[in-house]
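A.B. asks: My questions are about this predicted structure, shown below with the sequence.
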Amino acid sequence: MFSGLELENYSMSLNTFKRLLAFAAGVLVTLPGLALAAGGEKNALNMPVGVTDVGRSIFDLHMIILWICVAIGALVFGVMFYSIIYHRKSRGVKPAQFHESTKVEIAWTVVPFLILITMAVPATSTLLDIYDFDDADMDVLVTGYQWKWKYEYLAEDGESVAFFSNLSTPQAEIYNTDGKNENYLLEVDEPLVIPVDTKVRFLVTANDVIHSWWVPELAVKKDAIPGFINETWTRANEIGTYRGQCAELCGKDHGFMPIVVEVVSKEDYAAWLGEKQEQAAKVKELMAQTFSLEELMARGKAVYERNCLACHGARGEGGVGTAIAGSPIATGELGGHLEIGINGVAGTAMQAFGGQLNDVDLAAVITYQRNAFGNNMGDLVQPIDVFNYKQG
Amino acid sequence: MGDHHHGPAKGLSRWLFTTNHKDIGTMYLWFSFAMFLLGGTFAMIIRAELFQPGMQLVEPAFFNQMTTLHGLVMVFGAIMPSFVGLANWLIPMMIGAPDMALPRLNNWSFWILPPAFLLLASTLFMEGGAPAAGWTFYAPLSTTYAGPSVTIFIFCIHILGVSSIMGSINIIATVMNMRAPGMSYMKMPLFVWTWLITAFLLVAVMPVLAGAVTMMLMDVHFGTSFFSAAGGGDPVLFQHIFWFFGHPEVYIIILPAFGVVSQIIPAFSRKPLFGYDSMVYATAAIAFLSFIVWAHHMYTVGMPVAGELFFMYATMLIAVPTGVKVFNWITTMWRGALTFETPMLFCIGFLVLFTIGGFTGLMLSIAPADFQYHDSYFVVAHFHYVMVAGAVFSMTAAVYFWLPKWCGKMYNETMGKTHFWISFIAFNVTFFPQHFVGLAGMPRRIPDYSLQFADFNMMSSIGAFVYGASQLLFLYNVIATIVAGKPVSDDKVWDGAEGLEWTVATPAPYHTFEVPPKIDPAHAHF
């Protein structure tokens, strides 16, 4: 079971020990009649085993320690409750006056120490496994933003592929005006796609505050720290969709930046990557085009809802961010609006979207902000305007 | 002061200017209870929002303020001051001293607390709201990305630190200098021992916390970059400094609780503590280890593997002295003549639940497994088993145990036992399911959650409301006792209780041990 175990002899003693534990486990599990349902299912009681070898080792480690604790607990509480039942004054017992026993004291210091060593051995080997970042087949740069994830596929041939992954649960579901779907809060507009049976190395960092990238079924959790790059890896053994969440408090919408990973066959992955590269090429083409107000408004609305709504409100009424409706920026001179959209406002939650959105989306969303919410400026921004502004 | 026995002054000035350890102890205890209710109110708001999936009552930004203030108020306002209050009342009486060594300092260390918490609470009404980066306030969320309230928060932390350091110096000075002749160190009651060690921990780590918040202040207002990589700093540095304070802080909270339990279990077992010496050594060992395990709170920050291994092994070691303590308490009960008055019930509740918290602590110490547990509700469940069922239960036991000595009246036993059973059951209904949702993948500090966590969260919220309400029963029982409880006349309120505090009159006179007591040299320890 311990795929990561390198030390044969320890695995032997561990197996004997586990047989003993399995007995205790069998007794204890049947008592409360609990089947230990795994994570992901409704009302799960236990950690998911997951779909990676590391996840399997962690799960086994978790269960061994759990049952050791249960066994010690049964012993300790057993003695205590025996005492509570039989050594009570109301039964007329006379209290013994014994105290101090060096032998006993040594025993209950040494025995726990030995138990700890048996726990430390498999823990160490699993940890060394987790820290083996070598020989990855591919690299993905994961960047945490307030409050979304960016995935960038590194060192692939051809057009580079990078995209943001935003929560796709509608506000109406969150604010209870609509029924909640089964993947409520665990769904994104664009999942991370990785191939099965492939060692994928993740380089994890952040753009603003600390986030933490956690997918329980891949047994990966790594903090995303602004200015530093952490490494972690996974190798999924099964095709499927795996969901996780940001694990480190990162501000207002910490609870609303899920992670969805699609593990697909290697062929499907290659096809998907090809399609993404094509799309990237197409966006390049789009950048040279001129759009009508309607086209920009339609595209801009979608971009707004994904990127701006959380802070500026569904009707541009503001919130964490200032109001867009009637704002001096959205109804003022175009240059000022481009500046804030592209470069953000330092020291505030207003991010620099110049690096996050492509020029088409930026042009669309700025046009949208200037013409929606009663702003009615009538002017429109084309991708070329954004491009030129960026060039200075 | 000699022969004129002056009583307390009258009116407000008695409390403002008092240097009497009993008055100051009383103020600490009432203040901490008020903070317990305030922090509890924040918890009720958190649990009400989490009652069902979806946002119902509050906005996410306010939710974060609630989790942050709940943690800060409970740790710094409720638990820590409550044990300082207990120390004030009991340490002089336990070691046969007339008062604390530094009475004016004592007054000052209490009276700077209420303004600090008033300031902290006032940030709720500031533009941008109260601090919202969690009670661990990791940079840069708490610095570059924080609202204006962070400056006030930093000031509050400084005041709390000053108060704690002054209180600790006072306890150290008192224990070292004011013991009655014959009260050697190895005769002191364990409560005094645990507090002495706790005081050293406080003096060692509160300045570290002060350093951390000062660096934050510099980053926020004076253009430094301690915690910003853009200027050559490191956000993880903040976590190292914080947890170098934060881990000993955990033991600062729990060691006095160990002390309380070590006084009460022998009393209701009518049998001496099994291994007094080893209990003292175990306490010291835990205190030492608390300084070399801090990074087990940070297994996922990307430390080198050698660092992970060191902190994992060191953390696992804590199980040994902690085990020694639990085994000692149970062996003390073994073949005693047990009775189950309210203080004993709370101590048994402590024993069972704290041990469960210890087990989950051991699980969390295993670094690879922690990659799944970290920052999930499993951690929330773990530290509430230790903080609430550990520290708060033992504090409650202490109040029931010593209240008759303090006010000369007996509390209502039936009501006390009712309080225990409701607390015990409601606590477990609240926090046991949190192990499940945590293991299944629910992160902590989120205002809303996906549907598979709904049932356990609702259960948790119901438990929390009942637990919260049961504390009002406690408040009522204490007030009813003070106002109209049945008078107690025995010096030794409990037949099995040991220690000098049970040799003074009941209720304890305003001044005790103006003449040091005679200590029987044959007495092994108290």
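C.D. replies: Arrived safely, thanks for sending.
A.B. asks: how about stretch B:97-110: buried residues?
C.D. replies: B:97-103, B:105-110 (16 or more other CB atoms under 10 Å in any protein chain shown). Backbone N, C-alpha and C define where each C-beta goes, glycine included.
A.B. asks: now do stretch B:196-208
C.D. replies: Applying 16+ other CB under 10 Å to stretch B:196-208 flags B:196-206, B:208 as buried.
A.B. asks: Low-confidence ranges, the stretch 251-400 of chain B, go.
C.D. replies: In the predicted model of the stretch 251-400 of chain B, no residue satisfies pLDDT under 70.
A.B. asks: if you go through it in chain order, where are the helices?
C.D. replies: Using DSSP state H, counting those that start in this stretch, the helices of the stretch 251-400 of chain B run over residues B:276-289, B:305-317, B:319-333, B:342-365, B:367-373, B:377-386, B:393-407.
A.B. asks: And for chain A?
C.D. replies: A:8-30, A:53-86, A:102-130, A:171-174, A:266-286, A:293-307, A:309-312, A:334-343, A:359-371, A:383-391 (DSSP state H).
A.B. asks: closest one to A:Met138 among these?
C.D. replies: helix A:266-286 (9.3 Å; CB to CB).
A.B. asks: what does that closest one rub up against?
C.D. replies: Helix A:266-286 has contacts (CB atoms under 8 Å, 6 or more residues apart in numbering or on different chains) with A:153, A:156, A:158-161, A:163, A:193-198, A:264, A:358, A:360, A:383.
A.B. asks: the bottom helix or strand of chain A by mean pLDDT?
C.D. replies: Lowest on mean pLDDT, DSSP states H and E among the helices and strands of chain A sits helix A:8-30, with a mean of 48.
A.B. asks: if we can go back for a sec, which of the helices of chain A sits most buried?
C.D. replies: Mean neighbour count (mean count of other CB atoms under 10 Å in any protein chain shown) peaks for helix A:359-371 among the helices of chain A, with a mean of 25.
A.B. asks: just the strands in the stretch 151-300 of chain A please.
C.D. replies: A:161-165, A:192-195, A:200-206, A:211-215, A:220-224, A:230-234, A:240-246, A:258-264 (DSSP state E, counting those that start in this stretch).
A.B. asks: Including mean neighbour count, could those strands go into a markdown table?
C.D. replies: A markdown table is the format used below for these (neighbours: other CB atoms under 10 Å in any protein chain shown):
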| stretch | mean neighbour count |
| --- | --- |
| strand A:161-165 | 18 |
| strand A:192-195 | 22 |
| strand A:200-206 | 23 |
| strand A:211-215 | 27 |
| strand A:220-224 | 27 |
| strand A:230-234 | 21 |
| strand A:240-246 | 21 |
| strand A:258-264 | 22 |
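A.B. asks: With mean pLDDT added, can I get these in CSV?
C.D. replies: Formatted as CSV, the strands of the stretch 151-300 of chain A follow (pLDDT from 0 to 100):
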stretch, mean pLDDT
strand A:161-165, 92
strand A:192-195, 97
strand A:200-206, 97
strand A:211-215, 98
strand A:220-224, 97
strand A:230-234, 97
strand A:240-246, 96
strand A:258-264, 97
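A.B. asks: Next, format those strands as TSV and append distance to chain B.
C.D. replies: As requested, these are exported to TSV (distance: least, CB to the nearest CB, whole Å):
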stretch	distance to chain B
strand A:161-165	16
strand A:192-195	17
strand A:200-206	8
strand A:211-215	6
strand A:220-224	5
strand A:230-234	4
strand A:240-246	5
strand A:258-264	8
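A.B. asks: residues contacting A:Tyr131?
C.D. replies: B:305, B:308 are the contacts of A:Tyr131 under CB under 8 Å, 6+ apart.
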